[in-house]
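*Asks:* Take this sequence and fold it.
(chains A and B)
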Amino acid sequence: MKERLVEHLKAIIVDDEDLARSLVREYLGASADIDIVADCANGFEAVKAITELNPDILLLDIQMPKLNGFEVLELVQHNPAVIFVTAFDEYALKAFEVHAVDYLLKPFTRERFDQALALARERLSRKEVQPLAEVLATARNKGLPLERVLVRDGSKVHVIPVGKIDYIEAQDDYIALKAEGKTHLKQQRLAELETLLEPSRFVRIHRSYILNIERLARIELYAKDSRVAILKDGTQLQVSRAGYDKLKGLL
Amino acid sequence: MHPILADREKLFVYLAAWLVIAILIAALVAIPGDLGWSFALAFAIPASLVYAFICLSAWWLCRVYLLQKTNVLKLLGVYAVSASLSSSLWILLCNAWVWALNQSQIPGFSGERTVGETRLLFGIGVVLYLLAVAVHYLIIAFEASREAERRTLDMRVLAQEAELRALRAQIDPHFLFNSLNSISALTAQDPAAARSMTILLSDFFRRSLQLGAMELIPLKDELGVIRNFLEIEKIRFGKRLNVAMEIEDTSQHCMVPPLLLQPLVENAIRHGIAHLIDGGTVSLRTRKENGFLTIEVRNPIDPDRPKALGTGVGMENVRRRLRTLFDSAAHMDTSTKNDMFSVEISFPAKDSVQP
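*Replies:* Numbers count the residues shown, from 1 in each chain, chains lettered A, B, ... in the order given. Model prediction:
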């Protein structure tokens, strides 16, 4: 009866290797107040579980099929206390060091695990938020342009290779990605996405549009100082003066 | 580009030699007659320098008719014709020059002088041309030996580099730390399995180090290391990793550079199986055919996988080693079809002494 009074914490373990998950499960077994609510072997499962179960603690491996650990975090809106686990990933380690985020290196001792768990509990009690967005940005900034855009629709994840995007439109707090006749909404600022895309392929032609220049058929004069881009499928997009200059520079 | 024309220093030495020849020719034409030294020199120096450049043309013939690859009769024919033609051209130019000197208003030059016998000059022209041919062949031989020296040096450096890279690739940090983590997990759940994985890992590293120090090893030894490696990966990946091996019996005794295949199998897992939720099968096929050993590694891939940095380093390493060891006799082809990646290498098969 007494145990009922203690507030239980929900934990999710994410790792693509069975043995690695069972080890974390074993270490967590010592903490009676932690319930393991899900055990995920890949990024898709993790996004679904986190979205549906809203965990307090997330034990997250970086390298996984489909989505890596950072991509999982990019897609979920919850803010669990994350304990990062990795065997070796230069970029991830650099990001953790830069932003002073705690992480576990495989293999780790029970003492080290308990220490990381204690830190996570402390953060939870102080409602302290980790600088996850910054870690993500640093880890992602390998000097390479984005190759795929991830979009979450409920607990389902869509992976959209950038080559399939026709154009991206800003809509209030969201961006709408038009690809293969479908529209995907994502909570992100257009300017942020613009910096991640390859500048020779994706051009900000207007305050509200980024265009995949492979889709451009022609540009027509619409009124004085105002132009419109006609895409291969007939879609018309407004082109600002600065956007036109950028297009001219590329074509 | 002509080696003498391309190098200012060589050109200088070459023209200096021709200046000596010019003086000899001048003496030849001046001494018997009453030509006078000044006229002889005015004739011989420009005539020799012009011929110096005509003789440079021998280079292109020497390049086409390499000494080792052309039979003697053909060589004699080619150079008899080219020497006669060059010398005739020279005689024509010489006569024109003498005529020009005779016509000139320079005091002491005008008149009706001739410079010795045409036959003699023709003979000299032929001899000088043949001399130039000999010099060009010497240059070719010298450059070939220097090139050969450079190539052996390059090959040695490349081979050492490849060995180092192969060994470094062996200690892939992901593989090592994840394997150790698996052992850590097994220690509590299944101590016997933990022990056997420790031994597999030790065997793998020990064998890699041993074999890596050798130049060539029988394929069956290389396959031993690969089986060892795959057994460890099977513990890590569980049901996600399947392996299919089709090893043709005669291929087993072929000699291969050590740790050549290991990076290919490692790639198949790291860039293939590891990105697939349900995993897949890595297939390895070896066969000996028409004196060539052919090895193919195939694995399924996720077309949407994030492209990792450093992809292709292992592949490039294999390609370079093959090129160093077998030059153009080795082939390496990669292809991606229907979400299957395959890499095939083939090179001349050499059987081990004791099968």
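*Asks:* For the closest residue in space to residue B:84 that isn't next to it in sequence, pull up the helix or strand it's in.
*Replies:* Leaving aside its sequence neighbours, residue B:84 sits nearest to residue B:126 (CB to CB, 6 or more residues apart in numbering or on different chains; 6.6 Å). C-betas here are computed from N, CA, C, even on glycine. For residue B:126, the host element (DSSP states H and E) is helix B:118-170.
*Asks:* sorry, back to before: who are the contact partners of the residue nearest to residue B:84?
*Replies:* With contacts defined as CB atoms under 8 Å, 6 or more residues apart in numbering or on different chains, the neighbours of residue B:126 are B:83, B:84, B:87.
*Asks:* circling back to that earlier point, how far away from the center of its chain is the helix holding residue B:126?
*Replies:* Mean-position distance between helix B:118-170 and its chain equals 13 Å (CA atoms, centre = their mean, to the nearest Å).
*Asks:* Report the separation between the two terminal residues of stretch A:171-188.
*Replies:* This stretch, stretch A:171-188, spans 10 Å end to end (CA to CA, to the nearest Å).
*Asks:* Run the chain-centre distance for it.
*Replies:* Worked out by CA atoms, centre = their mean, stretch A:171-188 lies 15 Å from the chain centre.
*Asks:* Next, the buried residues of it.
*Replies:* Neighbour counts over stretch A:171-188 (16 or more other CB atoms under 10 Å in any protein chain shown) mark A:175, A:177, A:178, A:179, A:184, A:186, A:188 as buried.
*Asks:* So which of those sits lowest on pLDDT?
*Replies:* pLDDT across the buried residues of stretch A:171-188 is at its lowest for residue A:188, which sits at 88.
*Asks:* Now do the phi/psi pair for it.
*Replies:* phi -160, psi 150 (degrees, to the nearest 10).
*Asks:* and the nearest residue to it once chain neighbours are set aside, what is it in contact with?
*Replies:* Leaving out its chain neighbours, the residue that sits closest to residue A:188 by CB to CB, 6+ apart is residue A:175, at 5.4 Å. By CB under 8 Å, 6+ apart, the residues touching residue A:175 are A:168, A:169, A:185, A:186, A:188, A:189, A:190, A:193.
*Asks:* For stretch A:92-107, give me every contacting residue.
*Replies:* Stretch A:92-107 is contacted by residues A:20, A:62, A:69-70, A:83-88, A:112-113, A:116, A:119-120, A:130-131, A:134-136, A:138-139, B:177-178, B:180-181, B:183-184 when judged by CB under 8 Å, 6+ apart.
*Asks:* Span of it from start to end?
*Replies:* Its first and final residues considered, stretch A:92-107 spans 16 Å by CA to CA.
*Asks:* Name the residues of it that come out as buried.
*Replies:* A:92, A:93, A:95, A:96, A:99, A:101, A:103, A:104, A:106, A:107.
*Asks:* For the closest residue to chain B within the stretch 151-251 of chain A, which three-state class applies?
*Replies:* Using CB to the nearest CB, the closest approach of the stretch 151-251 of chain A to chain B is made by residue A:159 at 5.1 Å. Here residue A:159 is recorded as strand under DSSP: H, G, I helix; E, B strand; the rest coil.
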